[in-house]
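Colleague: Here's my sequence, what's the structure:
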Amino acid sequence: MASVSDPLLREGLEALAKMLPRGFSVAASNVARPSAKGDNWVVIRGRTKHSALCLVVARRRLETRDLGPIAASAARTRNPALLVSPYLSPSVREQLRGFGIGHWDLAGNVRIDIDDIDLCVEHEGAAIRAKSGDRGTRSLSGEMAGRVARVLIDLRPPYPLVRVAEHARVEPGYASRVVAYLAESEMLRRKPRGTIDEVDWQEILRRWSLDAPFESRGDAAWFVASRGLPDLLDRLSGSGFLHAITGSAALARLASRPAPRTLVMYVDDRPAAVDQFGLHPAEGPADVVLVRPADRSVFHRSYERDHLRYASPSLMAADLEDEPAFERGLAWMAEHEARWRA
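Modeller: So this is what the prediction gives:
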């Protein structure tokens, strides 16, 4: 089997192998190379000697508006086209079905139909939002597990478990289960008396961003700032309006880089933000994304610069728009850890 460098694709292939019917297998192709766009090729082998070489598009974050270019790319190959993501919403799955693109996600949703090897598999998996304690010992999905993961990323050890629970604002017993899972997965190390003395924050961040993708953190809506982003930021900075800028805009501020063309931020009251800052629903390209958070922990450890509030580094990185941006952000954080990690 060829090596797979993309963490999402690697995780996706492991998940798909468990979803396929008995007698079928999947592996990265040893022949075809990834494209310049980051698309990959995999081989699915059937119960007989026949196999199918498939184009696979791996996307960390996906909305219905992203599907047109993906469908156009899929149409340019005669091979079966597949797509994998941490989570695919019902509307996205329905459109992929209309385009004839097979798909699966890490939540267990799958639909792949390849006649040449007599493969037809389709079933629905879990909903994207796991509740507080549903999967805390097996993954980092769910709001409470995310709180614990972000504390471990944002704060430099050593620290006792009780401090992790206090900062995460969860029960110590729940924090203990999440920490035990991470210790078993070799993403952190504890001393005999329980003090956490070593944390692999990069692996925890990768795991959390896969288990709890951007879509799980709230309800997002796209807008256009009537007077442009500089005017919006100027008005926002003196308003006292509760917000937390995240993703590429937050990284640009932290790393002293040029601001991106799109601003993503969490707000408690989206209708008020739309009215107060002169935003209009986007019918085409958007320059503002407002997210109404499912959990107010998105504001935990946020910080203020020039009267604007930014999400904590862990949340900022997980909210980056795609896999290349995420890996670039991770590389910057690793090189400048002293600038962001308390």
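
Colleague: Just give me the residue closest to the centre of this protein.
Modeller: Note on the chain: the residue nearest the mean C-alpha position is Pro213, at 3.0 Å, using Cα atoms, centre = their mean.

Colleague: For the residue lying closest to Val298 once chain neighbours are set aside, give me its contacts.
Modeller: Excluding its sequence neighbours, the residue lying closest to Val298 (Cβ to Cβ, 6 or more residues apart in numbering) is Tyr266, at 4.7 Å. Heads up, the C-betas are built off the backbone N, CA and C, glycines and all. Tyr266 makes contact with 217-218, 243-244, 246, 291-293, 298-299, 311, according to Cβ atoms under 8 Å, 6 or more residues apart in numbering.

Colleague: Report whether the expected contact of the residue nearest to the centre of the chain with Asp105 is present.
Modeller: No - in this structure, Pro213 is not within contact of Asp105 by Cβ atoms under 8 Å, at 9.1 Å.

Colleague: coming back round to it: got TSV for the contacts of Tyr266, with distance to Arg10, secondary structure and neighbour count too?
Modeller: Below are the contacts of Tyr266 laid out as TSV (distance: Cβ to Cβ, whole Å; DSSP: H, G, I helix; E, B strand; the rest coil; neighbours: other Cβ atoms under 10 Å):
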residue	distance to Arg10	secondary structure	neighbour count
Arg217	23	helix	24
Gly218	27	strand	17
His243	35	strand	22
Ala244	31	strand	25
Thr246	26	strand	27
Val291	28	strand	22
Arg292	32	strand	16
Pro293	29	strand	16
Val298	28	helix	24
Phe299	33	helix	17
Ala311	27	coil	28
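
Colleague: picking up where we left off before, any common contacting residues for Pro213 and Asp105?
Modeller: What both Pro213 and Asp105 touch, as defined by Cβ under 8 Å, 6+ apart, is the set 85-87.

Colleague: Closest one of the residues you listed to Leu320?
Modeller: Nearest to Leu320 among the shared contacts of Pro213 and Asp105, counting by Cβ to Cβ, is Pro86 at 13.3 Å.

Colleague: now the nearest residue to that closest one once chain neighbours are set aside: how far from Ser297?
Modeller: Nearest non-adjacent residue to Pro86, counting by Cβ to Cβ, 6+ apart: Pro213, 4.0 Å away. For Pro213, the distance to Ser297 (Cβ to Cβ, to the nearest Å) stands at 16 Å.
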